[in-house]
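*Asks:* need coordinates for the following:
(2 chains)
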Protein chains: 2
Amino acid sequence: MTSATSRPEAAPDGTAPSTSLLTDMYELTMLQASLRAGTAERPSVFELFGRRLPSSRRFGVVAGTGRLLDAIEAFTFSPAQIDFLHRTGVVDDTTLDYLRGYRFTGTVRGYAEGECYFAGSPLLTVEGTFAEACILETVALSIYNYDCAVASAASRMTIAAHGRPCVDFGARRAHEQAAVAAARAAVVGGFVGTSCLEAGMRYGIPTVGTSAHSFTLLHDSEEEAFAAQVASLGPGTTILVDTYDISRGVERAVAAARAAGGELGAVRLDSGDLVAEAFKVRAQLDSLGATTTRITVTNDLDEHAIAALGAAPVDSYGVGTKLVTGSGRPTAALVYKLVERADAQGVMQEVAKFSEGGKSTVGGRKWAGRVADASGSAAEELVVSARSQAEALEALAQAGARPLQVDLITEGRIIEEHRGPGALAAAAERHRVSRAELPYPAWRLSDGEPAVPTRHLDLDGRSAQRR
Amino acid sequence: MTSATSRPEAAPDGTAPSTSLLTDMYELTMLQASLRAGTAERPSVFELFGRRLPSSRRFGVVAGTGRLLDAIEAFTFSPAQIDFLHRTGVVDDTTLDYLRGYRFTGTVRGYAEGECYFAGSPLLTVEGTFAEACILETVALSIYNYDCAVASAASRMTIAAHGRPCVDFGARRAHEQAAVAAARAAVVGGFVGTSCLEAGMRYGIPTVGTSAHSFTLLHDSEEEAFAAQVASLGPGTTILVDTYDISRGVERAVAAARAAGGELGAVRLDSGDLVAEAFKVRAQLDSLGATTTRITVTNDLDEHAIAALGAAPVDSYGVGTKLVTGSGRPTAALVYKLVERADAQGVMQEVAKFSEGGKSTVGGRKWAGRVADASGSAAEELVVSARSQAEALEALAQAGARPLQVDLITEGRIIEEHRGPGALAAAAERHRVSRAELPYPAWRLSDGEPAVPTRHLDLDGRSAQRR
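*Replies:* Numbering: from 1, shown residues only, chains lettered A, B, ... in the order given. Take a look at the predicted model:
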């Protein structure tokens, strides 16, 4: 995963297509209204966070960071896009002039990709003018809501797999571009490969594959199909043995490999009662002397099915639908909220929604750290409101908290270590370490409370006012 | 919806990026093995269908057809992609030579976009060599599984809305490109607009928008925010009134519009008990004399929430998460199966998976029609296996069935009416008509049987053999 070679959806000329219209219309009409009101340039701070974890999630997994940095870089308005906005009257000429020159020049800090997160964790803190930070909302949420959902599901699956490798076979069950992002997010959550070639090319993820029932059916007999596969791909290939009779399929697959002078790499089971079949097939393989031939299983696996296969003689899991759809939680329910901005006098003020209807938020910029207990286990997500970064870091240090936010973009300049070659493998390793730090309840698949509670410490004495 | 102006994700030079690596690796390794075995060029027929509808779905909605035709056109292998496959050793040189020259030259027939479908409906029938038809599997399934899931959810929502307009506000809750496809699929299911600008540009879908809490919070008071919005967007704008106190927000919003010389277009409610709030706000608006001011509601709506709002004085629905994630069914569970291919003697043979483990399929190419009862209501999905199209169409005619399959690609040539300008509006209208034809149970939101049962009529006497 260190040889990523292409930009997302790069055009033939190598440029990434603009991401700027992957945006809700109201971002641009709000921009227009604020330009006219003279408030567009007010220094502002937005935070991206989840009010709570989706139900049944004991922790969240940050993913999409590298993709977001690419998307912000590509967030510019092409002449064709400006023409569309003009022709359809979405915004006025003043706003079009602003958009023609748009580049994000602000600062983004946030949790590094792969880090675990909890309710209220400030995953991203975006500072800039209202105008420049506001219009990133939709694309930032799209990327984080999907990628975090998939990575969080993937992490539960790799917990359930107890070290057996999990690979992504989900491309066909998600939007074709979402599938590529899912393959990437799955790696953050501990997956080791993908069937999706585009994910291999774009992110350097190892690609894997077996064969389909159609390949067996193409040939005049199962023997001919298996011989053809082994002749082309070698005896180390993985043969799908459940097109007709599984037991005969196993026998024929082993024989095909041996006829080519080797021992079969693996068989794949894709239907039926996988626990029972795995035991039967393992016994048959062993009785045939094919003790090195592995068993991989697929077929609507999720973390619970994987856990149920824990005692079965299975060597790896291919996960499709439930991975790319977030295993019942297809979006991470993250939001992007204005928490501070300058007032008419240029003084920064905390702001927050207050209505009785719910969805209230805590105003003001926040700093976060993870506090460990005496055993070294994470015990608390400490989220601090303070007047300054120094004061906040001091409070985190006093609590013995590991600071969680890192620089991602500084005054428009992307910190390269968080994207591109190496960043994905680093995120996967970061997640491994962060997850290992969590207390035991984090590993439970059942519904329940977050593994780590969030505590909000308000040091600054300011608070948002109702207006 | 008649002015689509850009190809999907078109590069600055107007070319669509290649879709060929949005593909599972095994498609290409199966291709390699079949090339070596001499079976790659066997004439073959694949079908794309669902074994059953997802639970709680009374009918499915075909969507993604126009996108698939674009994707097949763009399914070619660029030098950079060939280099990736070569460098990573995914396939051998013979296969790379085949891929360099790849263009789909076969024939695709299927249900027109917008048509309703049921268990076993052959949504697509792809004829070509095994090689050329096999490698389209992943991208075809990705597009149909996502787009049909969203369109099917959208149709349930527009049923529940009983004629009140529904608009897509879901961009932030799905992968950023999936969101664009979702906006399009939602239109097939009866939605009338989207917040997503890219969907507006790519597909000509009307874009709509209101404003966010951040816009209110940006300003020093709610009055200033509303005045700024009206000054820029006119009194006909939609104002979000629940940032602070809803009742005061409504009063201020109406006053802001009147100060600008007009009546407020609409208010948006985004939190709290929407049924109760809608009644309260309607009464307040009426008491203020703002009887033409409309109420739009958002906040985690799904078809059930929309149905519950049916008696409330609400004018339109903005739907986010539940739309773009298929309202609990994020994938349509469609599969792509080889059903016929030539044998070594060149004779077409039906083929099918047979193992006891489940997932068995019916071999042989199928023709489909919808049979109506005496009242004109759809009563049966008739799926016919026959030796020839003539024989099948004859059987459908005898049963009084409306034939459901149309030509989409003929010997590699795309039938243009099924994509591009006009195709989306036609699909939406086709769905309206097709849905209106369904019997009453189709309109039920509760779990239950498909609204129309599927009957398989086997005329050809051939049947797939176990091998």
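*Asks:* what separation do you get for the closest residue in space to A:Thr454 that isn't next to it in sequence and A:Val335?
*Replies:* Excluding the flanking residues, the one nearest A:Thr454 by CB to CB, 6 or more residues apart in numbering or on different chains is A:Glu381, at 4.3 Å. Where C-beta positions appear, they are placed from N, C-alpha and C, glycine not excepted. Distance of A:Glu381 to A:Val335, computed by CB to CB, to the nearest Å: 17 Å.
*Asks:* before we move on, what about A:Pro441?
*Replies:* Going from A:Pro441 to A:Val335 by CB to CB gives 26 Å.
*Asks:* cool, and A:Lys366?
*Replies:* Taken as CB to CB, the span from A:Lys366 to A:Val335 is 14 Å.
*Asks:* over to A:Thr237?
*Replies:* For A:Thr237, the distance to A:Val335 - CB to CB - is 47 Å.
*Asks:* cool, A:Thr292 as well?
*Replies:* Distance from A:Thr292 to A:Val335, by CB to CB: 51 Å.
*Asks:* between the two, who's got more neighbours?
*Replies:* Neighbours per residue, other CB atoms under 10 Å in any protein chain shown: of A:Thr292 and A:Val335, the larger number sits with A:Val335, 17 against 11.
*Asks:* helix/strand/coil for that one?
*Replies:* When classified by DSSP: H, G, I helix; E, B strand; the rest coil, A:Val335 comes out as strand.
*Asks:* hmm, it is touching A:Gly50, no?
*Replies:* Yes - at 7.2 Å, A:Val335 and A:Gly50 qualify as touching, with contact defined as CB atoms under 8 Å.
*Asks:* what ranges in the stretch 1-150 of chain A fall below the confidence cut-off?
*Replies:* A:1-15 (pLDDT under 70).
*Asks:* and the helices in it, which stretches?
*Replies:* A:25-37, A:65-73, A:79-87, A:93-100, A:130-134, A:137-161 (DSSP state H, counting those that start in this stretch).
*Asks:* remind me what the fourth one packs against, helices and strands.
*Replies:* Meaning helix A:93-100. helix A:25-37, helix A:79-87 (3 or more CB pairs under 8 Å, 6 or more residues apart in numbering or on different chains; DSSP states H and E).
*Asks:* now distance to chain B and mean neighbour count too, for these, in TSV please.
*Replies:* Shown next, in TSV, are the helices and strands packed on helix A:93-100 (distance: least, CB to the nearest CB, whole Å; neighbours: other CB atoms under 10 Å in any protein chain shown):
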stretch	distance to chain B	mean neighbour count
helix A:25-37	3	24
helix A:79-87	4	16
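*Asks:* let's have these in CSV, adding distance to A:Thr107.
*Replies:* Converted to CSV, the helices and strands packed on helix A:93-100 look like this (distance: least, CB to CB, whole Å):
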stretch, distance to A:Thr107
helix A:25-37, 19
helix A:79-87, 25
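*Asks:* show me what contacts the residue nearest in space to the middle of chain A?
*Replies:* Central residue of chain A (CA atoms, centre = their mean): A:Asp147, 2.7 Å from the mean position. Taking CB atoms under 8 Å, 6 or more residues apart in numbering or on different chains as the criterion, A:Asp147 is in contact with A:Ala63, A:Gly64, A:Arg67, A:Ala181, A:Arg184, A:Ala185, A:Val188.
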